[in-house]
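[1] got a sequence here, can you build the structure:
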Amino acid sequence: MTSMKRLSLAVVVPVLLKRLRFAVVAPVLLGLTAVSWAFPWDKDMVDQPSAKPQESEAPMDSSGVPVKGGETLPAPVTEAGMFEAKDAAVLLENPVPATPESVALGEYLFTINCLVCHGADGTGTGPVGLLLATAPVDMNDAYTQDQADGQLFFTITRGRVTMPYYRDALSVEERWHVVNYMRSAFGSQ
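    Model prediction:
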């Protein structure tokens, strides 16, 4: 009987040692995994440091945001205020002469910023304009062409209905070039 006990102990002890070794090694490995999650190189993208646009310094060149001066057009907040401000924009005079160079630059800027909604022919049939619930204004229409340069400049600057404002995308001079292009390219059909 004792030899049977010894035989069973000889079989049981190695099995117990294997299980004991697994019981000790497994928690240690799991513990190391948990510790490795705390290392700084194991961060999610959400937790990484990032620079927000408003945290950086504004450029000091002409495209920077002015602290004093800048846009002199009023910034209305109501629809009635917008109509009043657009009526007042009649007094704005176009400081950029409509030279061939100005019209060419205006065409270039129109192609980049306006063509997607207003289309190449100015009828509001651009690829994005066709998707809008409210169609973009037809540049050939008497409503658009009868407006003073200052009013067109105001609309480009402040936007209207579904049209976004372009005061941040185009400088003051660039907006006047677009007005010159609009005058020369549209309305004569």
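
[2] now the protein, which segments are flagged as low pLDDT?
    Along the chain, the parts satisfying pLDDT under 70 run over 1-13, 16, 29, 31-75, 188-189.

[3] now do the strands in it.
    Using DSSP state E, the chain contains no strands.

[4] can you spell out the domain ranges of it, please?
    2-44, 78-185 (automatic domain parsing).

[5] can you get me the start-to-end distance on the last one?
    Looking back up the chat, that one is domain 78-185. End-to-end span of domain 78-185 (CA to CA, to the nearest Å): 32 Å.

[6] about what we covered before: output the domains of the chain in JSON lines, with mean neighbour count appended to each entry.
    No exception for glycine: its C-beta is placed from N, CA and C like everyone else's. Below are those laid out as JSON lines (neighbours: other CB atoms under 10 Å):
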{"stretch": "domain 2-44", "mean neighbour count": "9"}
{"stretch": "domain 78-185", "mean neighbour count": "17"}
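
[7] from what I can see residue 86 touches residue 148, true?
    No: here residue 86 lies out of contact with residue 148, judged by CB atoms under 8 Å, at a distance of 9.8 Å.

[8] what does stretch 178-189 contact?
    Stretch 178-189 is contacted by residues 94, 96, 98, 102-103, 105-107, 109-110, 113-114, 122, 139-140, 144-145, 149, 152-153, 156, 170 when judged by CB atoms under 8 Å, 6 or more residues apart in numbering.
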